[in-house]
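>>> sequence and computational prediction follow.
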Amino acid sequence: MIPKTFKEVIDLGDGREISIETGKLAKQAHGSVVVQSGKCMLLCTVVSNYKQADVDFLPLTVDYREKFAAAGRYPGGFFKREARPSDGEVLTMRLVDRVLRPLFPKDYHSETQVMIQLMSHDEDVMPDAMAGLAASAAIQLSDFPFECAISEARVGRVNGEFVINPTRAQLKESDIDMMIGASADSVMMVEGEMDEISEEEMTEAIKFAHEAIKVQCAAQIRLAEAFGKKDVREYDPEREDEDLAKKVYDLTYDKVYAVAKAGSAKHERSAAFDAIKEEIKATFSEEELEDFGDLVSKYFYKAEKAAVRDLTLNEGLRLDGRKTDEIRPIWCEIDYLPSVHGSSIFTRGETQALATVTLGTSREANQIDMPSYEGEETFYLHYNFPPFSTGEARPIRGTSRREVGHGNLAQRALKGMIPEDCPYTVRVVSEVLESNGSSSMATVCSGTMALMDAGVQLKKPVSGIAMGLITDTDSGKYAVLSDILGDEDHLGDMDFKVTGTADGITACQMDIKVKGLSYEILVKALMQAKDGRLHILEKLTDTIEAPREDVKSYAPKIVTKVIPGEYIGAVIGSGGKVIQELQKETNTTIVINEDPDTEEGIVEILGTGQEGIDAVIAKIEALMFKPEVGSVYEVKVIKMLDFGAVVEYVEAPGNEVLLHVSELAWERTEKVSDVVNMGDVFDVKYFGLDPRTRKEKVSRKALLPKPEGYVERPPRNDKGDRRGGGDRRGGNRDRKPRRD
């Protein structure tokens, strides 16, 4: 029996559309949809356990996977099965998670899974732009307690016109690549990269995407109504005790306010807050704490949050004593590590990042192998966040999703400033050594200086800043905070990271925790971020004003040489013999790639010594040396033979040719050494291939004047006899008639 299906179609304009269908696949999941655009199809399923987990948070897992079969391909590597998620998949998981998580009730703690799979790939459709839509549509069909429908859309700008969900080809021409997550009422998430656009242009792009998202949210609601919207499930809410909440608030608010106003350092402030919390707990008996100790901690956090927010809104002060637009003290240093190609330290308050730069050939490019995209990155950035950076000891279980996300943000901030003709593959690694607010922006700043220290000719330096927001909907008060602390991130309503040059924004990442953020506040935050960004940029350029003119003496230098495709084999040699010996002799690294468009060879020569690089270039030019008929070349005798001398072209060492004894001089030469000796240098004329011997012919005598009275003997015929009927003794010889 064919199942009944329900479908909604969203018109994207220019002939493109997105369909959402349910009722055919994965019917045992609590909600499932297939989202399709062109030939691209995503299957999203959602399941949430009916029993609350014994935790005080939402155990939500968002999983996004791209199946290689979707693109008609096999997984790379030895094992032909999809394994751990790629960085691209992890970044899509984060984009969806950040929008969904705030919309579940605070006291909903059931294990919840959102699984999104790319089932069919279309080269003209980027699937990550539809992942948020798929997740929300599936949840709308479930009985989850979820606030409202949301969606995500990518916005680009091609030739001055905004485009929703552009193709990869359009994205190459676009100066904006932003993903927006929103409900019909509020923008909740922004992330992307830009080509130095203004704050006003960024706001317009967000507005444009939000209008498209409103249409997608309405389509989800219509689908759920047609399918039959389920009643929201009942679950056991967290315990509440209003009297206890008031008691804790009354005992702690003023004390927390006083500590917050003191403007102390992170660990000192945390210790003071902990002391207040323990003091409050001491007013309860052991039996009471065993019964509702968790509520005491919960209500203390609420009181702490209220006190810190009120301090900022009422007095314009912050936890560390700064004003709302004030940046923490900054100090920087470059060339800190003596052996790396480039390094820098950036310290802002209690946040510190140490960046290193490594230069390499195209062989070190970061290979990307996903069903939806294959390619390579010649500039990439890795971000590491060890537990000691926050004074903690915890297990290290590989690279976290957070590290992948923060590293990607910093990479997007900087990559547009790497010159197109940079011959190197460039890897930046950021080690976060201290953290109290926006280590990703510290990574951007330290990365900028390390790149300049390494001699990478950045177009412009880039800085970054994290902004925060505290609002009071009742009074209408709000405060935009520059350079936020970690506590201000947790207690505030927005975490907005923005990077850029002196001329515009290059990347951003924004998470908004309050509904209905006005564009007026958003623009104010952007303009205040610009002031802070320029202040930080000045500190960077005070430390290193411009990139080094050249790489450091111990860093590898790279020279790129283009050769005709026909010579690639000669440079490599049989079994790689020529190139391997050349690398060994010159202490260089040589990489040869073929340009598929021109079929030319792109030779990259990497070495620390200029002599070695020059030797490689000379060898390549020698291998490509092709003498022209009739031209004169300087040669050197490198071997003496009975019947001539082997000479080497001076301008192409390694290219040898035989100078026959008969071509040494016009006079009869009995011994080669009568005319030339080992090491002699002289000119010869090149005649090309001798039609008789089929070997290259050069002549010394052709450049010498003929002796007076010299009579040239006739050339030999094909049988080796002299033409003209005479033999070598002169005169004809009688021949006996051939017998029949």
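Good, I have the coordinates.

>>> quick check: longest strand of this protein.
What stands out as the longest strand in the chain, according to DSSP state E, is strand 40-52.

>>> and that one, what other elements does it pack with?
Applying 3 or more Cβ pairs under 8 Å, 6 or more residues apart in numbering; DSSP states H and E, one finds that strand 40-52 contacts strand 31-37, strand 110-120, helix 131-140. Where you see a C-beta, it was placed from the backbone N, CA and C, and this is true even at glycine.

>>> adding mean pLDDT and mean neighbour count, write the ones you listed out as TSV.
Output for these, formatted as TSV (pLDDT from 0 to 100; neighbours: other Cβ atoms under 10 Å):
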stretch	mean pLDDT	mean neighbour count
strand 31-37	97	25
strand 110-120	97	21
helix 131-140	97	29
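
>>> can you redo these as JSON lines with distance to Val296?
Converted to JSON lines, the helices and strands packed on strand 40-52 look like this (distance: least, Cβ to Cβ, whole Å):
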{"stretch": "strand 31-37", "distance to Val296": "37"}
{"stretch": "strand 110-120", "distance to Val296": "25"}
{"stretch": "helix 131-140", "distance to Val296": "34"}
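
>>> what residues does stretch 10-20 touch?
7-9, 33-38, 130, 133-134, 137, 164-165, 212, 215-216, 219-220, 223 (Cβ atoms under 8 Å, 6 or more residues apart in numbering).

>>> and the end-to-end length of that stretch?
8 Å (Cα to Cα, to the nearest Å).

>>> same check, this time on stretch 668-681
End-to-end distance for stretch 668-681: 21 Å, by Cα to Cα.

>>> quick one: the strands in the stretch 601-740 of the chain?
Using DSSP state E, counting those that start in this stretch, the strands of the stretch 601-740 of the chain run over residues 601-607, 632-641, 644-649, 656-660, 681-689, 696-699.

>>> okay, these in CSV with mean neighbour count next?
Converted to CSV, the strands of the stretch 601-740 of the chain look like this (neighbours: other Cβ atoms under 10 Å):
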stretch, mean neighbour count
strand 601-607, 22
strand 632-641, 16
strand 644-649, 21
strand 656-660, 19
strand 681-689, 16
strand 696-699, 18
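
>>> dump these to TSV, plus distance to Lys229.
As requested, the strands of the stretch 601-740 of the chain are exported to TSV (distance: least, Cβ to Cβ, whole Å):
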stretch	distance to Lys229
strand 601-607	59
strand 632-641	88
strand 644-649	85
strand 656-660	86
strand 681-689	87
strand 696-699	87
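
>>> got a list of contacts for the longest strand of the chain?
With Cβ under 8 Å, 6+ apart, strand 40-52 has contacts from 25-26, 29-36, 70, 108-122, 125, 127, 130-131, 134-135, 137-139, 142, 144, 233, 235-236.

>>> quick one: average confidence on that strand?
Here strand 40-52 scores 96 as its mean pLDDT.

>>> pairing partners for the helix or strand that that strand is followed by, with directions?
From strand 40-52 onward toward the C-terminus, using DSSP states H and E, the following helix or strand is strand 60-66. The strands beside strand 60-66 in its sheet (DSSP bridges) come out as strand 110-120 (parallel).

>>> so what touches the helix or strand where Gly192 lies?
Using DSSP H and E, Gly192 sits within strand 187-197. Strand 187-197 has contacts (Cβ under 8 Å, 6+ apart) with 95, 98-99, 102, 150, 152, 175-182, 202, 205-206, 210, 409, 412-413, 415-416, 500-501, 503-512, 517, 522.

>>> ranges for the helices of the stretch 401-550 of the chain?
With helices called from DSSP state H, counting those that start in this stretch, the stretch 401-550 of the chain shows them at 401-415, 439-453, 486-491, 519-543.

>>> would you list the strands of the stretch 601-740 of the chain in CSV and tack on mean pLDDT and distance to Val426?
As requested, these are exported to CSV (pLDDT from 0 to 100; distance: least, Cβ to Cβ, whole Å):
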stretch, mean pLDDT, distance to Val426
strand 601-607, 92, 13
strand 632-641, 92, 42
strand 644-649, 91, 39
strand 656-660, 90, 41
strand 681-689, 92, 45
strand 696-699, 91, 45
